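S.K.: Generate a structure from the sequence data that follows.
(4 chains)
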Number of protein chains: 2
Amino acid sequence: MKLTISDLAKMTGLAKSTISGVLNNKDGFSEKTRQKVLKAAEQYGYVPNEIARGLSTKYTKTIGLVIKDITNPFYSKLTKGVQEVAGEYGYTVFLCSSFEDHRTEKEQIQAMLSRRVDGLIVAPLLEEVTFDHLFDLKAKSVPFVLLGSVPGLDSSYVEFDDYDGGRQVTEHLLERGHRSIGFAAGLPTSRASRERLRACRDVLSARGLVLRTEFTFEGAQELVDGVEIGRKLIAMKERPSALICFDDVVALGVVKAFQSEGLRIPEDMSLIGFDDIDLMIFPLTTVFIPTYEAGKALARTLFGRIFGGPDTPPQRIVFDEKLVVRQSVRTVTN
Amino acid sequence: MKLTISDLAKMTGLAKSTISGVLNNKDGFSEKTRQKVLKAAEQYGYVPNEIARGLSTKYTKTIGLVIKDITNPFYSKLTKGVQEVAGEYGYTVFLCSSFEDHRTEKEQIQAMLSRRVDGLIVAPLLEEVTFDHLFDLKAKSVPFVLLGSVPGLDSSYVEFDDYDGGRQVTEHLLERGHRSIGFAAGLPTSRASRERLRACRDVLSARGLVLRTEFTFEGAQELVDGVEIGRKLIAMKERPSALICFDDVVALGVVKAFQSEGLRIPEDMSLIGFDDIDLMIFPLTTVFIPTYEAGKALARTLFGRIFGGPDTPPQRIVFDEKLVVRQSVRTVTN
DNA sequence: CAGAAAAATTGAACCGGTTCAAATTAGTTA
DNA sequence: TAACTAATTTGAACCGGTTCAATTTTTCTG
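M.R.: Numbering: from 1, shown residues only, chains lettered A, B, ... in the order given. Here you go, the predicted structure:
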């Protein structure tokens, strides 16, 4: 059915190796045969089989991207960045989603490896015990770059200064006079969330304040989680004057809950998010995170390693986070 | 470096074919050798090379997904659906974005073919002249499913009843008393947009009304496009009483523009979108489109064809669109 | 316990490319 | 034109699996 290099060889009366050579632009072929081959390939619509090529060259021109959820603007924008750079290099990307499940993450990585990707970009779930699969990658010297560093693993990574983002946000709230602050944290598997929470606690305690447990929520990930947290807050007799949300999506959920009860942000509670997603129309004070740029950086770093060989020193890239003040935080005057 | 089947053969003293057979769960092997092979594979961490396997079996356990822009919730949700079903089948998906460029779309498809994907899901750009690449797929009998039918091409597809969606929306506006309606259409390459626009015109003209050219916009795709259209509308001395937007993202842009000028929806203009995206917190009247389900259906249909062979009759699946009335359309009383 | 049948294992060819040393052809030079 | 060099072209091995007819081993039967 499909035309192979041997077919072309037969048709042109040349050797397989000649066809291969010409098609790969190697020199040492007469102009005559070169044309003959090219014409035949063109005429019969020859499509090289990258699978076969990959088998001998060891390069599949393929990279794997393992993220948590493509539906989240954070990851879709990052993915776009990765794709764009990959395209420049003639690479195609396998998209895998861990769906926030650790076992799935491992399986996906395994699937990528068995498909012999030239490299991997992984946004790993943070699970205390089991980074074995990532250490394995290093041991097998598979080129890979992580989104977010993993303790003890000396690898390339791209990350955001989430601790500083958490700091900026908390200080901003303090400056605006807030003393009672709540925190809607993400899943415990999110490094970013942990860092932001840690920073928040640090900044507060430096002022002699604490994050009260009843104002601290966990596992906020999707819009509905934000809605639920919003509802809980509304139901409380006493509310924090401001809530820091793990990301804009969760913040949107909180806004939705408040709006549906006729409450207003920031009048009834101040709100802050992270990511600065494009689809935001609510004037949410948030933290800009260069996800698109990070996606590109991840891909560039990976290609650096793929083409640079196993001795390429690990790259660490940290992007700054930047507070974007809009109108969801009010000034508290006592 | 990497362990191969021949390595295992040497280590166990068995033949390559034995290793292969056991690893593929073929029967006809004694329990003793079976264990021996399995143990060795486990112990030395053997990872099968799907590339090599693909070369002989012709199955790469890989499908290609060509969409327009992963950043758009419509496509990211659809992608999630595709991924989920693919995962069930042990398949991995190549994600490609055409970035709304026809040449890129062709190149991406070509790239997928050269990587010998077992099948393709394509959300094709609608360009009058050149569907050749899709007809080619059929000619080469590559399994593929389209998102949206292509005129003259007898292939499997999954689509939404966009015409009916456009009808519902327009009739809803008419019922609410609107007579002066605007339309922010998507890119001319969008089938959905065309259908909706056509339906809108049809319904209006059945009532003796027309879509005025100055109220008809084209090329709305991202949030910023919506913002721009919103600004233009605000600047007009006379505005339509309602605007139908190609999708929720564009509608959000319009909302944003209005809000930033202190104007309100629906008081100052009614607004309707399409998609019913999750991230919507504005009470936008919109049309629900089951993108996630469609993604699953696309994948299922594709696997039906992949496993069913070339004689599998083309499947056509049409999902209904359903108006979701919220609060962005006011009732006009003359 | 020989002989036949059944079960288990093997070896070689193949998938569609790449690679490179060896062979062939063309071009120079004396 | 013979001899030598440079330019082309080729053939065989290899990449890591799968497949299946042929062979070897085991088990069963009379």
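S.K.: Tell me the residues on chain A that lie near DNA strand D, please.
M.R.: A:13-18, A:21, A:28-30, A:32-34, A:52, A:55-56 (C-beta under 7 Å from any atom of the strand). For every residue, glycine as well, the C-beta is placed using N, CA and C.
S.K.: Just among those residues, which is most surrounded?
M.R.: When neighbours are counted by other C-beta atoms under 10 Å in any protein chain shown, A:Thr18 leads those with 20 neighbours.
S.K.: Which residue lies closest in space to it, excluding its sequence neighbours?
M.R.: A:Thr33 (6.4 Å; C-beta to C-beta, 6 or more residues apart in numbering or on different chains).
S.K.: Can you tell me how far A:Asp10 is from A:Pro48?
M.R.: Heads up, residue A:10 is Lys, not Asp. Distance of A:Lys10 to A:Pro48, computed by C-beta to C-beta, to the nearest Å: 17 Å.
S.K.: more crowded one of these two?
M.R.: Set A:Lys10 next to A:Pro48 and count neighbours by other C-beta under 10 Å: A:Pro48 wins out with 16 against 12.
S.K.: Help me confirm that the more buried one comes into contact with A:Asn24.
M.R.: No - counting by C-beta atoms under 8 Å, A:Pro48 stays clear of A:Asn24, with 9.1 Å between them.
S.K.: residues near A:Ser205, how many?
M.R.: Using other C-beta under 10 Å, A:Ser205 is surrounded by 11 other residues.
S.K.: which residue does chain A bring closest to DNA strand D?
M.R.: A:Ser17 (2.6 Å; C-beta to the nearest atom of the strand).
S.K.: give me the element that residue is part of.
M.R.: Secondary structure assignment for A:Ser17, by DSSP states H and E: helix A:16-23.
S.K.: if we look at that helix, which residues are touching it?
M.R.: Residues from elsewhere that reach helix A:16-23 (C-beta atoms under 8 Å, 6 or more residues apart in numbering or on different chains): A:5-6, A:8-9, A:12, A:28-29, A:33-34, A:37-38, A:41, A:48.
S.K.: Kindly report the same for stretch A:327-334.
M.R.: Applying C-beta under 8 Å, 6+ apart, the contact partners of stretch A:327-334 are A:172-173, A:176-179, A:241-242, A:251, A:265-267, A:270-272, A:282-285.
S.K.: now do stretch A:53-65
M.R.: The set of residues external to stretch A:53-65 that reach it, using C-beta under 8 Å, 6+ apart, is A:50, A:79, A:82, A:86, A:90-96, A:108-109, A:112, A:115-121, A:299, A:302, A:306, B:49, B:51-52, B:55, B:94, B:115.
S.K.: circling back to that earlier point, I'd like the mean pLDDT over the helix holding A:Ser17, please.
M.R.: Computed over helix A:16-23, the mean pLDDT rounds to 96.
S.K.: Output the longest helix belonging to chain A.
M.R.: Across chain A, the longest stretch assigned as helix under DSSP state H is helix A:291-308.
S.K.: buried residues in that helix?
M.R.: Across helix A:291-308, burial judged by 16 or more other C-beta atoms under 10 Å in any protein chain shown covers A:291-292, A:294-306.
S.K.: ok, now stretch A:230-248?
M.R.: Buried-residue list, stretch A:230-248, by 16+ other C-beta under 10 Å: A:230-234, A:239-248.
S.K.: Which ones among these lie within strands?
M.R.: Among these, DSSP state E puts A:Ala242, A:Leu243, A:Ile244, A:Cys245 in strands.
S.K.: List just the nearest of the residues you listed to A:Gly186.
M.R.: Nearest to A:Gly186 out of these is A:Cys245 (C-beta to C-beta; 9.0 Å).
S.K.: Residues in a beta bridge with the closest one, which ones?
M.R.: Residues in a beta bridge with A:Cys245, per DSSP bridges, are A:Ala184.
S.K.: pretty sure it contacts A:Met269?
M.R.: No - with contacts counted by C-beta under 8 Å, A:Cys245 stays clear of A:Met269, the gap being 11.2 Å.
S.K.: Tell me the pLDDT of the closest residue to DNA strand C within the stretch 201-334 of chain A.
M.R.: Proximity of the stretch 201-334 of chain A to DNA strand C (C-beta to the nearest atom of the strand) peaks at A:Phe307, 14.6 Å away. pLDDT for A:Phe307: 94.
S.K.: Kindly report the same for A:Pro151.
M.R.: Here, the pLDDT recorded for A:Pro151 equals 88.
S.K.: helix, strand or coil for it?
M.R.: Here A:Pro151 is recorded as coil under DSSP: H, G, I helix; E, B strand; the rest coil.
S.K.: who's in contact with the residue in chain A that chain B sits nearest to?
M.R.: Closest to chain B within chain A is A:Leu95: 3.9 Å, counting by C-beta to the nearest C-beta. Shown in contact with A:Leu95 (C-beta under 8 Å, 6+ apart): A:Leu65, A:Ile67, A:Ile70, A:Thr79, B:Leu65, B:Thr79, B:Gln83, B:Val93, B:Phe94, B:Leu95.
S.K.: Same check on A:Phe274?
M.R.: Neighbour list for A:Phe274: A:Gly165, A:Val169, A:Ala192, A:Arg196, A:Cys245, A:Phe246, A:Asp247, A:Asp248, A:Thr286, A:Val287, A:Ile289, A:Glu321 [criterion: C-beta under 8 Å, 6+ apart].
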